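Asks: can't give you the sequence, but here's the structure:
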């Protein structure tokens, strides 16, 4: 929900991370339910990839901020044409 | 397998080569050499499959004859892409070697996606494919448009990754396994009536996320802005090679795992096809810039590729192979001309044929192929994906609709050809074309025509 509603790019990023954490929790729950460890390994992979994604994402946001002095995503619509 | 390892290593090698080598041309030729090496590695993999049968690696990767052959074809396309665009890639920004490194990292993702047999590898493949693309989109740091494209692509891309993960988790909850070839996984998807709601929602979420990544309507809204904002040297790569491999991953999962429960998802795909073809083609007509038109046309082409997923039979596999190659080569050919132009609008192309006859001719052949005119590869590509649907026998009216839409697409492709050949004006070319590039473009166009006459060359 946060991804669709919020306008601040960093908050959107945090909401995406929340989505991933929800997935992690669900993974671990299902793993316990099925008595199968593979989902827990999956969780590790999700964490690593999420960290990589955040590092790229934050640097993109910094690049954007340097240019327009704002991290409001509505500015993207203004720049469209 | 060897192609995956080599592409990841090449990424590292390219980054180091930027430190050691002083001249940009040396870096470019190392990249070309790397692409040739990748082609050799995937041919080696293909030979292995031919001689020893399907290869499986720890239940994570599975290399069969289709996917090994797809890897060979896509490696060839990448080689053509790097050869034609190497100069433009190196001049996007200051750090030339990194751009090639990003391309090789994306290729690693492409090979993972085409050979996965475990949902974990699917997830990692999609991420390895996407994260370098976010950087590629923003590689022109000085340009605001490029920054904007990068941010937009990143936010929507990571959102769709979240959806993909949710889908994978729900499928795991329903089946208790990530291995799409295992019996545990397959038992869940025998017939529609026994499909649990968890796995149904999982399948729908996967479709949504694939739709995002493959720019199919109604999840296509990011595509025109991103493809337009991305430096022109990278747009053909993102729009073709990366996208095509998403389609292969898509059809692999839906053909092998969800084939028996097709009633549950086929209707959704049909709606996506209608929306994608309609929105892509109709909006493309109204564009003023050729680059933006190509972005919308790539959405429209995605609609045709969705037919292969809709009909999931042997013909659709052949269709998606042929479609991948012809669409990739044709887009590379068109973008190779766009990147030379000073003015990307239709007016900018006026009278190009008089000034640069070779560029105009190769672009014409590529555009004809994209429109699906007979004697070019694009005709047979469209023919195969549509005949797969006819063979399958459901919703034949979709095929009629697609043919009508292909007729609309001819309008905007021909508009470019019209302005190149029949309109007066002086098209301004900002970058000179070397004779080597001309020769490569002619080879590219020749391959497209060859595939239009003998499509059997690349069909298994």
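Replies: Cool, got the structure. What you are looking at is a predicted structure, and each value in this text was computed from that prediction instead of being measured.
Asks: now residue B:283: closest residue in space that isn't a chain neighbour?
Replies: residue B:296 (5.1 Å; C-beta to C-beta, 6 or more residues apart in numbering or on different chains). Where C-beta positions appear, they are placed from N, C-alpha and C, glycine not excepted.
Asks: who does the helix or strand where the one you found lies touch, helix- and strand-wise?
Replies: Assigned by DSSP states H and E, residue B:296 falls within helix B:290-311. Judged by 3 or more C-beta pairs under 8 Å, 6 or more residues apart in numbering or on different chains; DSSP states H and E, helix B:290-311 is in contact with helix B:222-229, helix B:235-236, helix B:243-256, helix B:262-285, helix B:314-338, helix B:377-392, helix B:397-421.
Asks: to residue B:187, which of those lies closest?
Replies: Proximity to residue B:187, assessed across the helices and strands packed on helix B:290-311 by C-beta to C-beta, is greatest for helix B:243-256 (13.9 Å).
Asks: which other helices and strands contact that closest one?
Replies: For helix B:243-256, the elements it packs on are helix B:65-90, helix B:96-115, helix B:119-137, helix B:197-213, helix B:290-311, helix B:314-338, judged by 3+ C-beta pairs under 8 Å, 6+ apart.
Asks: could you dump these to TSV with mean pLDDT and mean neighbour count?
Replies: Below are the helices and strands packed on helix B:243-256 laid out as TSV (pLDDT from 0 to 100; neighbours: other C-beta atoms under 10 Å in any protein chain shown):
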stretch	mean pLDDT	mean neighbour count
helix B:65-90	91	22
helix B:96-115	92	26
helix B:119-137	94	24
helix B:197-213	91	21
helix B:290-311	91	26
helix B:314-338	91	25
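Asks: do you know how far the closest residue to residue B:187 other than its chain neighbours is from residue B:118?
Replies: Spatial nearest neighbour of residue B:187, excluding adjacent residues (C-beta to C-beta, 6+ apart): residue B:175 at 7.6 Å. For residue B:175, the distance to residue B:118 (C-beta to C-beta, to the nearest Å) stands at 12 Å.
Asks: same question, residue B:402
Replies: In terms of C-beta to C-beta, residue B:402 sits 34 Å off from residue B:118.
Asks: also residue A:23?
Replies: 17 Å.
Asks: how far is the strand or helix carrying residue B:436 from where the chain is centred?
Replies: Assigned by DSSP H and E, residue B:436 belongs to helix B:435-453. Relative to the chain's own centre, helix B:435-453 is displaced by 19 Å; criterion: C-alpha atoms, centre = their mean, to the nearest Å.
Asks: helices and strands around that helix, which ones?
Replies: helix B:65-90, helix B:314-338, helix B:357-371, helix B:377-392.
Asks: what residues does chain A have near chain B?
Replies: Along chain A, the residues adjacent to chain B under the rule C-beta under 8 Å from any C-beta of the partner chain are A:3, A:9, A:12-13, A:16, A:19-20, A:22-23, A:26-27, A:30, A:33-34, A:36, A:38-39, A:41-42, A:45-46, A:49, A:52-53, A:56-57, A:60-61, A:63-64, A:67-68, A:73, A:76, A:79-80.
Asks: just the buried residues out of these, in ChimeraX syntax.
Replies: Selection of the buried residues among the residues of chain A next to chain B in ChimeraX, burial being defined by 16 or more other C-beta atoms under 10 Å in any protein chain shown:
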select /A:3,9,12,13,16,19,20,23,26,27,30,34,38,39,42,46,49,53,56,57,60,61,64,67,73,76
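Asks: off-centre distance for the longest helix along chain A?
Replies: The longest helix of chain A (DSSP state H) is helix A:38-68. Distance of helix A:38-68 from its chain centroid, counting by C-alpha atoms, centre = their mean, is 7 Å.
Asks: what is the orientation angle of that helix with helix B:119-137?
Replies: With axes from the mean of the first three to the mean of the last three C-alpha atoms, to 10 degrees applied, the angle from helix A:38-68 to helix B:119-137 works out at 10 degrees.
Asks: average pLDDT across helix A:38-68?
Replies: What helix A:38-68 shows for mean pLDDT is 91.
Asks: and it, what does it pack onto?
Replies: helix A:9-34, helix B:119-137, helix B:144-175.
Asks: residue contacts, residue B:2?
Replies: Residues in contact with residue B:2 (C-beta atoms under 8 Å, 6 or more residues apart in numbering or on different chains) are B:41, B:44-45.
Asks: chain neighbours aside, what residue packs nearest to residue 61?
Replies: Unless you meant another one, I'm taking chain A. In space, residue A:61 is closest to residue A:9, 5.1 Å off (C-beta to C-beta, 6+ apart).
Asks: to clarify, I was referring to chain B.
Replies: Leaving aside its chain neighbours, residue B:61 sits nearest to residue B:115 (4.7 Å; criterion: C-beta to C-beta, 6+ apart).
Asks: same question, residue B:356
Replies: Excluding its sequence neighbours, the residue lying closest to residue B:356 (C-beta to C-beta, 6+ apart) is residue B:429, at 6.2 Å.
Asks: looking at the helices and strands packed on helix A:38-68, which is nearest to residue B:281?
Replies: helix B:144-175 (22.4 Å).
Asks: what is the closest one packed up against?
Replies: Looks like helix B:144-175 contacts helix A:9-34, helix A:38-68, helix A:74-78, helix B:119-137, helix B:183-187, helix B:197-213, helix B:222-229 (3+ C-beta pairs under 8 Å, 6+ apart).
Asks: contact partners for the spatially most central residue of chain A?
Replies: Nearest to the mean C-alpha position of chain A, by C-alpha atoms, centre = their mean, lies residue A:16 at 3.1 Å. Residue A:16 makes contact with A:3, B:155, B:158-159, B:161-162 under the criterion C-beta under 8 Å, 6+ apart.
Asks: now those as CSV including pLDDT and distance to residue B:66?
Replies: Formatted as CSV, the contacts of residue A:16 follow (pLDDT from 0 to 100; distance: C-beta to C-beta, whole Å):
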residue, pLDDT, distance to residue B:66
A:3, 70, 36
B:155, 89, 34
B:158, 91, 31
B:159, 90, 31
B:161, 92, 26
B:162, 92, 30
